[in-house]
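compute the structure for the input listed below.
(2 chains, ligands or ions: 1)
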Amino acid sequence: MSERGVIISNPYDRLSKEQVELIDKTSLELLQHPGILCYHEESVALLEKTGAIIKKTKEGEHDAWWVSIPPGAVKEALETAPSKVTLGARVPENRVVLDAEKTRVHFGSGSETNYWLEVEPETYISKDNKGERVFPIMKKKRGNLELLCRSAHLADQFENLDFFIRNVNVQDADITTDNKDVNVFFAALNNLTKPVISGVADLEQLEKVVKMAEIIAGGSDELRKNPLVAFITSVIKSPLQVVDETAEKLIAIARLGLPVVISTSPQGGSTAPIDDVGMVAQVNAEALAGITINQLANPGAPVIYGAVPVRARMDDLHDMYGVPEFCHYTMACAQMARYYKVPCYSTAGVGDAKVPGIQATMEKMLTHTMVPLAAPGLVHYAFGLLDKTQTFCPEQALLDNHQIGMIKFLQRESGVSSDTVEKTKKVVEEVMHSPYRMYARYARGMLRRGEIFSGFPFEGELEDQDQTLLLAHEKIKEMEQTEVKHLSEEICNRIFDKIPGLLPRLNPYREVK
Amino acid sequence: MSKDIIEMIVDNVLQGRRNKDDEGIEEGTVGQPGVAELVGDALEKGIEPDKILLEGLSRGMEMVGEKYESGEYFIPDMLTAAEAVEAGMEVMEPHLVGKGESGGKGKIVLATVEKDLHDIGKNLVAIMLKGAGFSVTDLGIDVPAARIVEVAEEEGADIIGLSALLNTTMINMEDVVKELEQKGLRQKVKVMIGGAPTSDDFAREIGADTYGKDAFAAIREADKLLKAGGDN
Ligand code: B12
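Next up, the predicted model:
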């Protein structure tokens, strides 16, 4: 059983039972009227067999079909969709077992950001008193393979990170659509021992990626038992449209029997209603449509309900993550997924702020605290994301790791029982009759057992300057010096032998001339 | 054999066990002799009180200090260890007095000044000073200057330690200095002050001898004062 993540003992239900049923009913009705607009012919064919009413149309140059999905087809898909999904890992203790009927929450990284933002300490001389001061200056770089490897290595060390979604978009000159997937999957699998979840850029390469994972897992059956890789497909284009190419990938992955996240990310105010009712009814309908297609392609295939509803910013229509509405939408979706007994993929911890600091901390703390309370199985985007998922900052990821530690600690049980109150009475009695009436002696046991929260690890000593980022930077440098847990030489060589397109510089055992 | 018992005293100081009923840091020690019992045994076996004090209690407390500095121990560990030392000192006391020693390093009378009820910090200072081998008479909270000086005189104290946490009560510290002067005791008794609103500057202003920022500073400053005082 998975020991990772944290159990939410009393999940917070934003919706009442009646409201959940009402949203369910409404989503099913939306799937009938107006229905979905599907651009993928095979999906249409699969849906047609369930009695869906199909009406062919043309959207610009493209063939499309209005599909009115009967509620029975969705309910049947929810019946066949498993409530338990395992995400495999190179080491058994890092496996994540998702169980939609339990309330264990796992945290992970994510979003292919274009930029890598890192701290560079710079020394300045004060104009007023000529004294020296060190400030954290933020340096922005374009993402590349080397940075991706570095972030996977860090992710392996963040004790609160349970799964890895590639967080750096690689923009190396020698990366093309034809070799991107194999290289980014290899970069992740060779630099960390936790579950890897990712999208695939090119369907042609899916087979190679799976082959690579099979080599690492030790065979085809072994990979199904210990799926080292899981996939994300953004099969929905909101509102309610099924994308041709992604649906193709979704069906291919379903038939491979590997876990897949159906991810839909409407923006409240532009591609979905901005109010709770409208947003949740639509995003839920979209997730259900994806799950239905997946189950029709391969009944019983492992599938995850992914809802990433965001709110539009009113002055420029960018996404907003650090706002109360984001929590409303997301928490309601987690509740819907639990109602359907399908594992849920959710989101928290994205800063809309461009740099680490007060704004980022407030935004992250809000969603990091609230969303897990709804007990989704997976919380992605939780490490280092800034500028509404455009930027990844390693120092921020370290701070987020600590923040998640706090959130997990919040879930600790109260411990009130007839035994513990007896002990309390005894301690109070003892202390009242001791010279200084202090409880310090009794704090030691908990301190030693690690039951007292450790406090903020990046607290500076200066009285007139925040040093958090500088200290986080020191820690990151230290973490980067630790040994990377690479795949064995034998496995690496086998992979480089069998899988075309891998860049030699990713092989740690390569002979350097 | 005698080496063993001294080592056990050190161990039990590290574990913060006053007596056999105390839990240590490690589990399963309840029922085994603590510092009080061990010191009693050692005295019975004829081990010199000096040796028990220096190689057992003080050595243990020094090691606790080192563990605190290195981040292994926290304040609760320090306090608990200091309490264990205190329990040992109580057993030692009759033997030390008999030998003409006044209980380790020197005598301190400690109090929170008049109209001030804050004592958490002062207690911390008291426990740590005791743990460091000082003999401490703690007069508690809201103590008038006259009373503090009276006790200091009676007990032949080397140092008066004063605590205040309020802007409005810190000025009462000055009364203690004046009272000592009036009674002609100022040369004999040093004054050490502390508490969040006080400072080095404030100590100078009111004519106190020194200021301590925390319980560790209290030990350092008390040591310094006694060294300096010894020359008079
Ligand atoms: C706990 C507390 C109380 C408790 C005290 C319980 C107790 N058993 O002591 C209670 C609730 C009773 C209390 C009451 C009041 N309090 Co009060 N209290 C505090 C508080 C929150 C913490 C103090 C404390 O224990 N700190 C922890 C200890 C470990 O630190 P410490 O005391 O500073 O001691 C360390 C050092 O200073 C030094 N030290 C201390 N003494 C000595 C002595 C020597 C010789 C040496 C060398 C070193 C030394 O070593 C210690 C260990 O490291 C402070 C806020 C603060 N942050 O300080 C307010 C505070 C001191 N209280 C305050 C006030 C206003 C009051 C009240 C007037 C409130 C009211 N309106 O009723 C009353 C006053 C009662 C009275 N007449 O004294 C103010 C004082 C403002 C000011 N500068 O004048 C403070 C600063 C809070 C605030 N920001 O407003 N209080």
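
how far away is the nearest residue to A:Y340 once chain neighbours are set aside from A:S27?
Excluding the flanking residues, the one nearest A:Y340 by Cβ to Cβ, 6 or more residues apart in numbering or on different chains is A:L78, at 5.1 Å. To be clear about C-beta, it is placed using only N, CA and C from the backbone, and glycine gets the same treatment. A:L78 sits 12 Å away from A:S27, going by Cβ to Cβ, to the nearest Å.

overlap in contacts, the two.
In terms of Cβ atoms under 8 Å, 6 or more residues apart in numbering or on different chains, A:L78 and A:S27 are both contacted by the residues A:L288.

that older thread, so the residue nearest to A:Y340 is in which element?
helix A:71-80 (DSSP states H and E).

that older thread, ok, the residue nearest to A:Y340 - contacts?
With the criterion set at Cβ under 8 Å, 6+ apart, A:L78 makes contact with A:L288, A:I291, A:Y340, A:K341, A:V342.

quick check, nearest of those residues to A:A217?
Comparing those against A:A217 with Cβ to Cβ places A:V342 closest, at 24.7 Å.

disregarding flanking residues, what is the spatial nearest neighbour of that closest one?
A:Y305 (4.5 Å).

count of neighbours near the one you found?
Neighbourhood size, A:Y305 [other Cβ atoms under 10 Å in any protein chain shown]: 30.

what's the local residue count around whatever residue of chain A ends up closest to the ligand?
Nearest to the ligand, among the residues of chain A, is A:R437, at 8.2 Å (Cβ to the nearest ligand atom). Counted with other Cβ under 10 Å, residues neighbouring A:R437 total 13.

doesn't it fall inside a strand?
No - per DSSP: H, G, I helix; E, B strand; the rest coil, A:R437 lies outside any strand segment and is coil.

so it is in contact with A:E430, correct?
No - using Cβ atoms under 8 Å, A:R437 is not in contact with A:E430; the gap is 10.0 Å.

and the strands in the stretch 151-300 of chain A, which stretches?
A:164-165, A:196-198, A:229-233, A:236-237, A:241-242, A:260-264, A:267-268 (DSSP state E, counting those that start in this stretch).

direction included, what does the second one pair against?
Going back to what we said before, that points to strand A:196-198. strand A:164-165 (parallel), strand A:229-233 (parallel) (DSSP bridges).

what would the ones you listed look like in JSON lines with mean pLDDT and distance to the ligand?
JSON lines is the format used below for the strands paired with strand A:196-198 (pLDDT from 0 to 100; distance: least, Cβ to the nearest ligand atom, whole Å):
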{"stretch": "strand A:164-165", "mean pLDDT": "98", "distance to the ligand": "43"}
{"stretch": "strand A:229-233", "mean pLDDT": "97", "distance to the ligand": "49"}
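
B:R18: which of those strands is closest?
strand A:164-165 (50.6 Å).

longest helix of chain B?
Determined from DSSP state H, the single longest helix within chain B is helix B:75-98.

so is that one next to chain A?
Yes - for helix B:75-98, a contact with chain A is found by Cβ under 8 Å from any Cβ of the partner chain, at B:I75, B:P76, B:D77, B:L79, B:T80, B:E83.

biggest separation within those, which pair?
Greatest spatial distance among the residues of helix B:75-98 next to chain A (Cβ to Cβ): B:I75 and B:E83, at 12.6 Å.

which of the two has more neighbours?
Between B:I75 and B:E83, B:E83 has the larger neighbour count (other Cβ under 10 Å), namely 25 against 14.

what sits against that one?
B:E83 touches A:R441, B:G16, B:R18, B:I127, B:G131, counting by Cβ under 8 Å, 6+ apart.

poorly predicted segments of the stretch 51-200 of chain A, please.
Within the stretch 51-200 of chain A, no range satisfies pLDDT under 70.

moving C-terminal of the helix or strand of chain B with the lowest mean pLDDT, what's the next helix or strand?
Of all helical and strand segments in chain B, the minimum by mean pLDDT, DSSP states H and E falls on helix B:75-98, at a mean of 85. Once the chain leaves helix B:75-98, the next helix or strand it forms, by DSSP H and E, is strand B:107-112.

dump that following strand to PDB, restricted to CA.
The C-alpha trace of strand B:107-112 is given here as PDB (Å, rounded to 0.1, in the frame of the first residue of the first chain):
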ATOM      1  CA  LYS B 107      25.100  32.900  45.000                       C
ATOM      2  CA  ILE B 108      22.500  34.700  43.000                       C
ATOM      3  CA  VAL B 109      19.300  36.200  44.200                       C
ATOM      4  CA  LEU B 110      16.900  36.400  41.300                       C
ATOM      5  CA  ALA B 111      13.500  38.300  41.000                       C
ATOM      6  CA  THR B 112      11.000  39.800  38.600                       C
END
